[in-house]
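A.B. asks: Provided below for reference: sequence and predicted model.
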Amino acid sequence: MWRGTLTKMDTAVADPVRYRLRDAFGGPALELNPLLGKRLRLSRDGGLRCIHCGSPTAKSYGEGSCYPCFARLPQNDICIVKPELCHFHQEANPCRDPDWGLAHCFMPHILYLAVSSGLKVGITRESQVPTRWMDQGASLALPVLRLPDRLSVGRVEQFLAGHLADKTHWQKMLRHEMPEVDLAAERRRVLDLLGNRFPCEVLPERESWRFTYPALEWPTKVLSRGLEKEEAVEGRLLAIKGQYWILDRGVFNVRKHSGWCVRLTEVAP
Ligand SMILES: [Zn+2]
């Protein structure tokens, strides 16, 4: 059915979200939504390769990097996870790749509220809207602020983290358990908390984005499956949410398997 090297699935806004399995090195993509209900087998087909340089690697660092790419590439730097550690302007410890930094970090960023399993405050580059939310399996999302760069938005997020409990829980997200959250009310609460503390653009009030995911049913138990321990992962595809396949025999995180060379086949029920 498909052969290639795994990387993050492509998403497109639709009702439900449309997923495609993409090859890390540009090979053909596969539409996934039509596979709901089918019994699939994803098996190792060769080893693990770095999705940046293509070298074989015994272990994946970050999401699909070999160790040299993990240590060298700007997208693998700690400041991507912790924006407040941005060191672009430090002479002694400059950005790993200033051109990349200018194109990715010094671009408008959004602070948003989302609900995947609980209320979450997050940040993303404006160009990643709405992809970011579908990657997280959010059911609702509301952009609140726009700031000019990653460091500034990271500081706001860090401030809010001290005031709002971040209640995301990936197993609950996959069981499709969501509390009722009024994002318009949470938006007002966030704006009150911030006051005039940070110079930023408050985005106009709007309807929340709503996402539905392709699903026949949701699991009651979430068991993680992976190619590190198993030659193949097999099961009937019940749903796709975030970057996960939900099979009747466990869940499979596609993004976490970036770099695995695999073969996907349909097996008899
Ligand atoms: Zn590499």
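C.D. replies: Looks like it came in fine. Numbering: from 1, shown residues only.
A.B. asks: just the closest residue of the stretch 151-269 of the chain to the ion, please.
C.D. replies: Gly259 (9.1 Å; C-beta to the ion). In short, each C-beta sits where N, CA and C put it, glycine included.
A.B. asks: doesn't Leu6 make contact with that residue?
C.D. replies: Yes - with contact defined as C-beta atoms under 8 Å, Gly259 and Leu6 form a contacting pair (6.8 Å).
A.B. asks: any shared contact partners between the two?
C.D. replies: With contacts defined as C-beta atoms under 8 Å, 6 or more residues apart in numbering, the residues shared by Gly259 and Leu6 are Ala24, Gly64.
A.B. asks: what parts of the stretch 1-150 of the chain come near the ion?
C.D. replies: Taking C-beta under 5 Å from the ion as the criterion, the stretch 1-150 of the chain approaches the ion at residues Cys50, His52, Cys53, Cys66, Cys69.
A.B. asks: in this structure, which spans are helices?
C.D. replies: For the chain, applying DSSP state H gives helices covering 67-72, 78-81, 98-104, 131-136, 150-161, 170-175, 183-194.
A.B. asks: chain neighbours aside, what residue packs nearest to Thr7?
C.D. replies: Ala24 (3.9 Å; C-beta to C-beta, 6 or more residues apart in numbering).
A.B. asks: related to what we said a few turns ago, for the residue of the stretch 151-269 of the chain closest to the ion, give its distance to Asn76.
C.D. replies: According to C-beta to C-beta, to the nearest Å, Gly259 and Asn76 sit 13 Å apart.
A.B. asks: could you check which of the two is surrounded by more residues?
C.D. replies: Comparing Gly259 with Asn76 by other C-beta atoms under 10 Å, the one with more neighbours is Gly259, at 25 against 17.
A.B. asks: got the contact list for the more buried one?
C.D. replies: Thr5, Leu6, Thr7, Ala24, Leu48, Arg49, Cys50, Ile51, Thr57, Ser60, Gly64, Ser65.
A.B. asks: and what of Arg225?
C.D. replies: Arg225 is in contact with Val233, Gly235, Leu247, Arg249, Gly250, Val251, Phe252, counting by C-beta under 8 Å, 6+ apart.
A.B. asks: break this protein into its domains for me.
C.D. replies: Following automatic domain parsing, the chain resolves into domains at 2-64+215-266, 72-209.
A.B. asks: quick one, strands of the stretch 151-269 of the chain?
C.D. replies: 201-202, 209-210, 224-225, 232-241, 244-247, 250-253, 260-266 (DSSP state E, counting those that start in this stretch).
A.B. asks: neighbours around Glu157, how many?
C.D. replies: The burial count for Glu157: 20, using other C-beta under 10 Å.
A.B. asks: which residues of the stretch 51-200 of the chain score low on pLDDT?
C.D. replies: 167 (pLDDT under 70).
A.B. asks: residue contacts, Arg44?
C.D. replies: When contacts are counted by C-beta under 8 Å, 6+ apart, Arg44 is found next to Leu227, Glu231, Ala232, Trp260, Cys261, Val262.
A.B. asks: any idea how far Cys79 is from the spatially closest residue to Ile78 that is not a sequence neighbour?
C.D. replies: Computed as C-beta to C-beta, 6+ apart, the closest residue to Ile78 that is not its neighbour in sequence is Leu85, at 5.6 Å. According to C-beta to C-beta, Leu85 stands 4 Å off from Cys79.
A.B. asks: of these two, who's got more company?
C.D. replies: Neighbour count, other C-beta under 10 Å: between Leu85 and Cys79, Cys79 has more, with 19 against 12.
A.B. asks: next one: the more buried one from Gly235, what distance?
C.D. replies: 38 Å.
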